[in-house]
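>>> Structure for the following, please:
(2 chains)
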Number of protein chains: 2
Amino acid sequence: MAPKKTGKATVKFGNPPVIIGTGSVVGPMEGRGPLAEDFDAVLPDMTFGENTSEKAERKLLEQAAWIAIERSGIDKGMIDYYVAGDLLNQIISASFSARQLEIPFMGVYGACSTCAMGTAMGSMIIDGGFADYVLVACSSHYHTAERQFRYPIELNVQHKETSQYTVTGAGAIVLASSGSGPKVTWATTGKVVDLGVKDPYNFGAAMAPAACDTLLVHLADTGCSPDEYDLILTGDLGIIGSQLFIELAQEAGCDVGNNHRDCGLMIFDRKAQRVGAGASGCACAAVVTFGHVLKEMKRGSLKRILLIATGALLSPLSFQQGESIPGIGHAIAIEV
Amino acid sequence: MAPKKTGKATVKFGNPPVIIGTGSVVGPMEGRGPLAEDFDAVLPDMTFGENTSEKAERKLLEQAAWIAIERSGIDKGMIDYYVAGDLLNQIISASFSARQLEIPFMGVYGACSTCAMGTAMGSMIIDGGFADYVLVACSSHYHTAERQFRYPIELNVQHKETSQYTVTGAGAIVLASSGSGPKVTWATTGKVVDLGVKDPYNFGAAMAPAACDTLLVHLADTGCSPDEYDLILTGDLGIIGSQLFIELAQEAGCDVGNNHRDCGLMIFDRKAQRVGAGASGCACAAVVTFGHVLKEMKRGSLKRILLIATGALLSPLSFQQGESIPGIGHAIAIEV
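Numbering: from 1, shown residues only, chains lettered A, B, ... in the order given. Model (predicted):
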C-alpha cells in the first residue's frame, strides 16, 4: 500500500474517492445571482413552507441530500455514512436531517469550512476501506445565522461594509469508492490560525491567514506549484480577505493572483445585490463548489482545482468574552 | 487487505489503533466521587484560575490533552490530527484548545457521544493509513452547560428528579498505528433515533432507544454475543435511561443485565452527591472510559469492553420550537 500520509498535514488518496452525485439548493437571492443556472433548485421564498427559518434550513439540507442521492443513481440504503454539519448551535440542521435520512451519522463542525472538512473525512473513510458510499452535506440560512450570531433580521440592523452576507442554501455530494465523476485526490487539514482579529464583522480578515497557511502547507506537502491548479478557490474570504490572502501568499513567495477566486465573491453580484464584502456561510463554499465548479469541470473548462474552505471558529459568547477570532482552512483537491 | 466494512454500520480495524496515552481531568465534585483515584488531575475549584467558566473548560481540555500527550511518550509535533468536540455553541472549547495545540484540527459534534465518535474517526484515520498519531479529546463543564442549555447556576433553579448532572472534566487519548496499550478493534456508528421524547429534563429516556439500536446493530454486524464483552458501557443514560436500555435490549432478545454499566451512574455517588438521575456531558463517558475503565483494563480486571456513548442532539432552540429530542449512540470496542 502506497503511503497516504504526505508531509505535515496532507493525505494523498491511494484510490481517490469519486463524486458520483451532487445536490445544491439555494435561496431566492442566490437564485438571482450570477451562478443561478448551475444550482439544482432555487427556493421561491426563505421559509420553504415552514413556520420557522430553522425548519426551513433543515429542509433545504435534506433536499440537497436527496438530490445528490438521486443523481448518484444509488439507493439511500447503500450509503454507509452521513457526514454533515451547519452553523447552528448543536448543529441541529445536520442532526435533524440525519433523523430523516436514517443513515449512520457523524456530525462535524468547521463553521464555513465544513464542506471541505466533511469531504476530507468522507474521502478518508472511503479510501481507508471503511465504506463504499458516503454522503457529505452542509447548510446555512441567512435568517437563522443572523438571529444566532448577530441580530434577528426583524431589527433591520445595518450591515457594515466589511460584513459578509450568509448564503441561504445547502450543498451535498455522494462520494464513492468507484464510479465515474471528478475525484478527490488530496486533502490538507488546517490548523487553527489566529492573528488577533477581534472584529466579528470582518471574518475575511480573520480567516485569510488560515487559508494562506493551509495553501502553503498543501503546496509544501505535495510539491505542487500554484500554477498546477486551474483554480485555487477559497471558501468565503470576501473582498477584504481575498486581497489579504493574495498578499500573504505573495509575501511567502507564492503567486496565486492568476488563478485564485473566492466563492464568497462569485455567488452574488456584490454591488448590485448589496452584500457588503461578499458572501459567507457553510453553504457558500458548498453550493459554489458542488453546484457551479463541479459543473464547470463537467463542461471541461476546469480540470484540477484546489478548494480551501475557510471557517471563523468564534461563538457570540467567545466574542463577548473578549476573545479574538480563530480561523481555519481545510483544503481538498478535485480532479477530472 | 481484509474487508473493514462489516455489516450495516460497523468497521473492523485491520490494524487496530493502539491507545498509547490517556489524560483525564475532572472538577472538584467528580474528585469526591467513587472513581476519584483513577483521574489524572482533580481541580481544586470550578474556575481553574480563569475569570469565566468557558475559559476554565477550555483549559481543562488542554490539560487533559497535554497529559495524554505526555503519557504517550511522543512529541506533540508527531501528532497528525486533533479530533475534538464539546457541548458549547460552535464547539468553542475544542476550537480554542486547537488554537493552543497547533495540530491540524477536525471539529466534531455528537453531544455526549463525542468521545466515541471521535475515537472511531481517529481510528479510521490511523487504520486507513492517513496518520501515525491522532489525539482525540472532549470536555464539558457543569456551569457552562447549565448556562447554555438551562439556567445560569446563579439562579439556583431546582433540578428535577429525572435531570442529569453535567460532568466537569475532559478526557483525551492518543491513538497510534503501533505501540503497546489497549486497542480499538471495532467501531459502530449510530443512526439518529427519535421516539418522540420531548422532556429536556429526561435525556436518559431520549437516548436509551439510540443506545439499544447501536448495540443491536453492533451485535448483528459482528456476530458477537453480549457475553463476549466483560463490560457493555453506556455513556450517560442515568438511572432511567439505563433501565430502559436493559428493557429495550431484552425485548429484542438480548440480555445485558449482567455486564451493563453506565458511566453516568459510576462517576458520582448518586444519592449522597444528589445528582438526580445520574451524570451526563461529553466528559462523562470520556473520563470514566479513558480514566477509570482503561486503568481497570491495565489492572487486568477487564479484557474486552464495548463503549456505547450516547448523545441528545437537541438545542435549546429546537426544544423551544416544539421538536422532540433526537438521540444517537456511537460504539467502540476496546480490547487488551
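>>> Helix, strand, or coil at residue A:253?
Under DSSP: H, G, I helix; E, B strand; the rest coil, residue A:253 falls in the coil class.
>>> and it, how many neighbours?
For residue A:253, the count of nearby residues is 7 (other C-beta atoms under 10 Å in any protein chain shown). No exception for glycine: its C-beta is placed from N, CA and C like everyone else's.
>>> With the one 4 residues further on instead?
Residue crowding around residue A:257 was assessed by other C-beta under 10 Å; the count is 11.
>>> Can you classify it as helix, strand or coil?
coil.
>>> quick one, what contacts the residue nearest to it when sequence neighbours are not counted?
Spatial nearest neighbour of residue A:257, chain neighbours left out: residue A:246 (5.6 Å); criterion: C-beta to C-beta, 6 or more residues apart in numbering or on different chains. Counting by C-beta atoms under 8 Å, 6 or more residues apart in numbering or on different chains, residue A:246 makes contact with A:256-257, A:260.
>>> now swap in residue A:21 and tell me
Residue A:21 touches A:67-74, A:173-174, A:181, counting by C-beta under 8 Å, 6+ apart.
>>> which among these gets closest to residue A:335?
Comparing the contacts of residue A:21 against residue A:335 with C-beta to C-beta picks out residue A:181 as the nearest, at 10.8 Å.
>>> Tell me if I am right that the residue nearest to residue A:257 is in a helix.
Yes - the assignment for residue A:246 (three-state DSSP) places it in a helix.
>>> separation between it and chain B?
23 Å (C-beta to the nearest C-beta, to the nearest Å).
>>> Is residue A:162 in contact with residue A:204, as I believe?
Yes - using C-beta atoms under 8 Å, residue A:162 is in contact with residue A:204, at 7.2 Å.
>>> where do the contact lists of the two overlap?
In contact with both residue A:162 and residue A:204: A:238, A:240, A:277, using C-beta under 8 Å, 6+ apart.
>>> Show me the residues you listed that map onto strands.
Assigned to strands by DSSP state E, none of the shared contacts of residue A:162 and residue A:204 qualify.
>>> before we move on, back to that, will you turn the contacts of residue A:246 into a markdown table that also has pLDDT?
Output for those, formatted as a markdown table (pLDDT from 0 to 100):
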| residue | pLDDT |
| --- | --- |
| A:256 | 96 |
| A:257 | 90 |
| A:260 | 98 |
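>>> need the contact list for residue A:237.
Applying C-beta under 8 Å, 6+ apart to residue A:237 gives the contacts A:204, A:207-208, A:211, A:244-245, A:262, A:264, A:278, A:310.
>>> switch the cut-off to 7 Å
Residue A:237 makes contact with A:204, A:207-208, A:211, A:245, A:262, A:264, A:310, according to C-beta atoms under 7 Å, 6 or more residues apart in numbering or on different chains.
>>> now, which of those residues lie within helices?
Mapping the contacts of residue A:237 onto helices (DSSP state H) picks out A:204, A:207-208, A:211, A:245, A:264.
>>> of those, closest to chain B?
Of all the ones in helices among the contacts of residue A:237, chain B sits closest to residue A:207, with 12.9 Å by C-beta to the nearest C-beta.
>>> can you give me the helices for chain A?
Under DSSP H, chain A gives helices at A:53-72, A:92-101, A:114-127, A:142-149, A:203-222, A:238-251, A:263-266, A:282-286, A:294-299, A:316-320.
>>> so which of those is the most packed in?
Among the helices of chain A, the stretch with the highest mean neighbour count (mean count of other C-beta atoms under 10 Å in any protein chain shown) is helix A:282-286, at a mean of 36.
>>> quick one: contacts of it?
The contact list for helix A:282-286, computed with C-beta under 7 Å, 6+ apart, reads A:85-87, A:112, A:114-116, A:138-140, A:167-171, A:235-236, A:263-264, A:267, A:307, A:309.
>>> Kindly report the same for stretch A:112-121.
A:83-85, A:108, A:110, A:136, A:138, A:171, A:173, A:184, A:187, A:189, A:235-236, A:280-282, A:284-286, A:289, A:307, A:309-312, A:328-332, B:106, B:121.
>>> can you give me the mean pLDDT across that stretch?
For stretch A:112-121, mean pLDDT is 98.
>>> Setting the sequence-adjacent residues aside, check what's closest to the closest residue to chain B within chain A.
Nearest to chain B in chain A, going by C-beta to the nearest C-beta, is residue A:128, at a distance of 2.4 Å. Residue nearest to residue A:128 in three dimensions, not counting chain neighbours: residue B:128, with 2.4 Å by C-beta to C-beta, 6+ apart.
>>> For that neighbour, list the residues it contacts.
Residues in contact with residue B:128 (C-beta under 7 Å, 6+ apart) are A:124, A:127-130.
>>> Need the per-residue pLDDT for it.
pLDDT, read off for residue B:128, is 97.
>>> From residue A:129, how far out is it?
Distance from residue B:128 to residue A:129, counting by C-beta to C-beta, to the nearest Å: 7 Å.
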